[in-house]
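Undergrad: sequence and computational prediction follow.
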Amino acid sequence: MSKNGTEGGEPITVFVVDDHDVVRKGLRFYLSAHPEITLVGEAGDTQSAVEGVAEHVPDVVLMDLVMPGMDGAAATRAIRERCP
């Protein structure tokens, strides 16, 4: 099996981005119930997301696409530029 998240391997690291606190809290709660997943960070705006993902370099970014200012698609492009 793969090195991340399976049978004794390293957990899958996840960074959550959503401008709604309740959504981030719900995702945090849901992800914490899975021992193969580790939440490494979260952000409530896209600029913090770009900076946080560059700092933590997670395996997965859960990105809200409808965000004020820079939308989630533009933030994803910015993240991919900084962290190919």
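TA: Yep, that arrived. Numbers count the residues shown, from 1 in each chain.

Undergrad: now the strands for this structure?
TA: With DSSP state E as the criterion, the chain has strands at 12-17, 37-43, 60-63.

Undergrad: I'd like the ones you listed as CSV, with distance to residue 23 and mean pLDDT appended.
TA: (C-beta placed from N, C-alpha, C; glycine too.) Formatted as CSV, those follow (distance: least, Cβ to Cβ, whole Å; pLDDT from 0 to 100):
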stretch, distance to residue 23, mean pLDDT
strand 12-17, 8, 97
strand 37-43, 10, 97
strand 60-63, 10, 96
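
Undergrad: just name the most buried of the ones you listed.
TA: Each of those was scored by mean neighbour count; the highest is strand 12-17, a mean of 22, by mean count of other Cβ atoms under 10 Å.

Undergrad: which elements pack onto it?
TA: Contact analysis of strand 12-17 by 3 or more Cβ pairs under 8 Å, 6 or more residues apart in numbering; DSSP states H and E lists helix 21-32, strand 37-43, helix 46-56, strand 60-63 as its packing neighbours.

Undergrad: among the ones you listed, which is nearest residue 82?
TA: Of all these, it is helix 46-56 that lies closest to residue 82, at 4.9 Å by Cβ to Cβ.
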